[in-house]
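In: using only what follows, build the 3D model:
(3 chains)
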Amino acid sequence: MLICDEYLTPTSLEEAFAAMACHRGECRIVAGATDLLPWAREGRAGDVEIPTLIDVSKIPELHERRADGKRVRLGAATPIQRFLDDPALAAALPAMPRCAVWFADDQIRESATIGGNIVNASPAGDGIPPLMAHDAVVELAARRNGSIVRRKVPLVQFITGPGTTTLAPDELLVAIECDALAGYGGSFEKVGHRRSLVISIVCLAVLVQLDGAGRGFEDVRLAIGGIGPVPRRLTAVESFLGQGAVTAARLEQAAAMPVELVASRTRQAYRRDIVRGFMLRGLIDAVRAAGGGTLTPDLARDLEAVYA
Amino acid sequence: MPELRIEATVNGRKVARAAKPHLRLLDFLRDDLGYTGAKEGCGAGECGTCSVFVDGVLLKSCLVPVAKAQGTTIETVEGLGHAGGLTVLQQAFHKAGASQCGYCIPGMVMAATAALRANPLASREEIKERLGGNICRCTGYQKIFDAVELARDVRNGRRPASALAEEDPVDGAFIGASVRRLDAPSKVSGALKYAGDMVMPHMLHLAVLRSPHAHARIVSIDTSEAEAVSGVEGVITAVDVPGIDGFGVFVHDQPIMARGKVRYVGEQVAAVASEDPLVARRALARIKVVYETLPAVFDAHEAMRPGAPVLHDYAPDNIVKHIPIRVGDVEKGFAESDLIVEEIYSTQQVEHAYLEPEAGLAYVDHDGVVTIVSPSQNITHHRHMLSRIIAQPISKVRFIMSPVGGGFGGKEDMVYQGMLALMAMKTRRPVRLVFTREESIITTAKRHPSHTTYKMGLMRDGRIRAAAIKLVSDGGAYGMSTEGVMRKAAILAAGPYSIPNVKIDTYGVYTNNTPSGAFRSFGALQSQFATETHLDICAEKLGLDPFAIRRINAMRDGAVTHTKQTLKSVSMLRALDATEQVSRWETGAPTSRGDVRRDLAGEGTRPPCTLGTRFANSAGKDSESEVA
Amino acid sequence: MARKRGRGVAACWYGIARTATVDRAGAWAEIDDGGTAKIVTGVTEIGEGILTVLAQIAAHEIGVRPQDVTIGDNDTARSPEAAHAGATRQTYMIGNAVALASRQARAALVEVLARYWNVDSRTIKTAAGEVWAEGTNHKMPMSEAVHIAKSRGVVPVGSASFGTDTTGLDPVDGSGRPWQAYVFGCQVAEVEVDTLTGEVQVLGIWAVHDVGRAVNPRGVEGQIEGGIVQALGQGLMEDYRTVNGHAATPNLAKYILPTSLDVPHVTSVILEDPDPIGPLGVKGIGEPAMIPTIPAIMNAIYDAIGVRMTSLPATPEKVLEAMGRRARAARQPVAAE
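Out: Numbers count the residues shown, from 1 in each chain, chains lettered A, B, ... in the order given. Below is the predicted model:
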């Protein structure tokens, strides 16, 4: 049970920082509350008494959504559901709709925010790998010496361990900026113990851009969650696939590469087993989504060969 | 505690209330406004019994701090129909038989309403995805999908409104007619009150202190500090039991609250009552219990070994019950067999997970009758046991069975009604207890896990000559239904097959694990899982089709069972024939021939779930034609 | 193909009502004003549909409509004992008791009408709220019939008890008569196994169950569908785990249940082999419905990928591990036999 004496709902960053300053050390930030409330229960944190909760979800700046062809800017309180139902976002973030449809369920996606997913920094947080693949940068703000100061940190550096980030106690995550990758093929692979409302054992985001002929990679971006303390980019695989040809043999070689990275606390053998399959399936789906396979019959044949 | 001022429009009416800041929207709707159609199934967003619309968006109200409701427009299940009528969707749930216990149904109706609002032409597969956040434990979901499709079609004019109406049988032959469920309207509308929805004037809330140890002696319990807390109206422990303490379905080995020692983690030790549930909860921390931990045992086989920690003095070998069944001579049968197959099977502990956590309301009425209203599956037996425990004649003990939001055997044990009775007697006020989901999972009975060693001897033609089956089951800390479960497991273990030589032994064993108890299929699921898997292994070795090996051995009219009972009429062969036919089964030995068989993916299968059917819609496909 | 399909079959049997002990249930019936009926018996829904079933039985036996039947609360101080809600006993024990009580109430009414019409009571028929004497033009609504009975000083009531002829088991060899009614069933499962992840999806179940006589076929289907999905949960995902007695799966995030996306299409076939002993021929379905499901799924997994799952649940992890073991064994040189 989450018990508080006071629940504040600031409507501007200024108000939020004033509340944070006033209740320093005795407050906690709330956005969607979908992680906070289940956390304060028996078997997890148990009954938790926090004097003041500060709900930042009503701050307009945290709901911003802008895409300009190169970069996307998302307010931290953007609900996950927007990745499914906002066509502009879906186009600029091609792996995100697939990720979102696996994320909890429709109702939780309406409450849960992308900022909350990042700040929680779960090793299996579904929203994190796709954003990493988009070279996401988080924008943090604080009120210091009377004015609001902001800094930007790459997402891969922001998350430092399970549940830990570089967010300072007086800071708020206000926005996420990332590459707009319209025209890329995106895919998202996830396995849990059922098909809905499930925590990932492993999740993988893949984004690929093909050359004009649909035969070679122009750009490959991969990020994976669940295999270690933090989600991570698969840079070695990206540089291996680089700008080379899309062939079954190269996909298979690439798929085997991250297996040795599995360093989770539990289920290591299982995660090793599935990483290779996920890589293959994710790459193939992304290549298909990027237009490969439908364009060239021999590539389609190659892809079938990998599945077989 | 600065209270919040919540102004919102709920089901078309403006409300303005003060609310404590830690409440959730679910608490506000249920406790402050009386909209109990939204239920609390888990409190953690995992089940969907609490789904409501907030500004037109469906949310799980257990995950919404009440402050977020400020200035919103809220619609609960009670607000869907106008003036007490049912919406087309609710009528479709009624017609299709989509509600069983009904506890998930208000949330399910809300989710289905949201699905059809989002896409009035949603296909069955899309409907499934949009209901993915709402768990149902009774129906298997199929009739729910049927209902949503029916509502969709009626609303789109593809099926007539009369498709929602009752179809009366001719000549009043109501036995054999699929009459619509009489209780469905109260369930689809959220009107039905379960125990946790009921309130009485001057009612207290009970909170329970539970054991942190698996096995420990209770050295002392000091409740004085808790009793001194302002707002606490009563504290009870085992010393408050006036009669002979002890309950259980077969052996009365469990005290109302731990007496002298605790035997599993979560066992109830003391309880506190207050008008404010938060006061009761906080007061639990003021009860001082001194424990002296004892060696514990967590494995059934270990518990049976000499020298293992003993849980109950009456059972020094920790055996709750051993059931033997003997027919013929198995050793002779094995010697005569052409093929011997041995294997080990194991099954796990399973939670009932009814969507309605345990709840009850007790009071002492004007005639001094101790009355307990709860979703108990066995009020008759509970009445007998409680009368002994509180030393009152049967006529002064009254149990009322409230609507049960799923039971499956899990509500046969009198695990909390005794505490409610004691507190009502002590305070002379109505007392209500509602378990959290975690309490329900951690402290109540589970399906028995099992470890089965199986040996079967067969002739080359497939006839079973002998079966030796030994099943050991962890009954946990208390007896509950273990004896009966072991009995049913044993009687049915060898399956519906005529076997001349049978040796079956089932053992239920005490350990310091969460107790195992009654659960739908009661031991027979565990033992027949072994038998039916084993038969396929044998069929493969003998090159027999799985239907054929079952047919060869099936009991027929006049068969004698393994307990030597003669059965007049046995429908086994008819069941085998009908299954083979309806499934269009391709005959063959079970040699992992999935790659070559030709009876796959036909009528009666669903498409594999890949998620994302809504992407296909946005690509412009006609949603309904996908499933045609 | 990374995804492989297979099918498996399993059968079951089950006993109806309490095991190896005498079972019993009582019921009261009254044909009430307005042509309605009142049934009082110690039972309440646990979701299986028993209230509707009992209303159907009473309506059928008395000659009214189910919606005209009121069933009293299950209350130890206000209703006769019907014992517990479990053991697949409700339709069998309480259904039969309600049928007998209803027949008695009806007989009381019919006796008055036979005198009133001066006909043989055996010619009087009742159905769906009407009463008539065959071969005559005597006919009236049930409401009027009740009024006539009451004006002649008769309240048409009945009460009945239904008990079983069963015994305990011999403590040495287990012999005995644990039940008087048995049911049989069989199911086929079709699965798809994702060999990359080990996930098993059950796509179809064909279920055939003998229920005696089906009172409400849609309700029977509901029991079969629900039982199958509970079994699927135990077969593939549910796992209550403790570590030194402490629950490791204390909530519904850790203890996972089948969702709408995890369930098969179920095709049910209801088989009717009437019970020769009870007055209605009914038996039951609640528990047996889930027994064949798990072995049918496990046999189907073997059909699809050649691994034998003998330890439940068959989680993706365990399936993949078993596949790995099988692949390694296949690579070992075969020992001389």
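In: how much space between the spatially most central residue of chain A and residue A:34?
Out: What sits nearest the mean C-alpha location of chain A, by Cα atoms, centre = their mean, is residue A:128, with 2.0 Å. To residue A:34, residue A:128 is 16 Å away according to Cβ to Cβ, to the nearest Å. Where C-beta positions appear, they are placed from N, C-alpha and C, glycine not excepted.
In: what does the pLDDT read for residue B:620?
Out: pLDDT, residue B:620: 47.
In: and the average pLDDT for the helix or strand where residue B:52 lies is what?
Out: Take DSSP states H and E as the rule and residue B:52 turns out to sit in strand B:51-54. Strand B:51-54 comes out with an average pLDDT of 98.
In: can you tell me how far the residue nearest to the centre of chain A is from residue C:49?
Out: Distance, residue A:128 to residue C:49, by Cβ to Cβ: 46 Å.
In: rewinding a little: enumerate every residue touching the residue nearest to the centre of chain A.
Out: For residue A:128, the contact set (Cβ atoms under 8 Å, 6 or more residues apart in numbering or on different chains) comprises A:117, A:118, A:121, A:122, A:155, A:159, A:223, A:225, A:231.
In: the closest residue in space to residue A:279 that isn't next to it in sequence: what secondary structure?
Out: Nearest non-adjacent residue to residue A:279, counting by Cβ to Cβ, 6 or more residues apart in numbering or on different chains: residue A:255, 3.6 Å away. Here residue A:255 is recorded as helix under DSSP: H, G, I helix; E, B strand; the rest coil.
In: list the contacts of residue A:255.
Out: Contacts of residue A:255 (Cβ under 8 Å, 6+ apart): A:276, A:277, A:279, A:280, A:283.
In: doesn't residue C:230 belong to a helix?
Out: Yes: according to three-state DSSP, residue C:230 belongs to a helix.
In: so how far is chain B from the residue lying closest to residue C:138 once chain neighbours are set aside?
Out: Nearest in space to residue C:138, with sequence neighbours left out and distances taken as Cβ to Cβ, 6+ apart, is residue C:117 at 4.7 Å. For residue C:117, the distance to chain B (Cβ to the nearest Cβ, to the nearest Å) stands at 20 Å.
In: list the contacts of residue C:117.
Out: By Cβ under 8 Å, 6+ apart, the residues touching residue C:117 are C:124, C:133, C:136, C:138.
In: quick check: phi and psi at it.
Out: phi -90, psi -10 (degrees, to the nearest 10).
In: likewise for the one 5 residues further on?
Out: Backbone torsions of residue C:122, given as degrees, to the nearest 10, read phi -70, psi -20.
In: give the contact list for residue 40.
Out: Unless you meant another one, I'm taking chain A. A:1, A:2, A:46, A:47, A:48.
In: the intended chain is chain B.
Out: The neighbours of residue B:40, taking Cβ under 8 Å, 6+ apart as the test, are B:26, B:30, B:49, B:50, B:62, B:196, B:357, B:434.
In: who touches the last one in this structure?
Out: To tie it back to what came earlier, the one meant is residue B:434. B:40, B:195, B:196, B:205, B:357, B:358, B:359.
In: which residues does residue B:514 contact?
Out: B:264-266, B:349, B:442-443, B:445-446, B:476-477, C:240, C:242, C:245, C:247.
In: low-confidence bits of the stretch 1-150 of chain C, can you list those?
Out: Applying pLDDT under 70 to the stretch 1-150 of chain C flags the ranges C:1.
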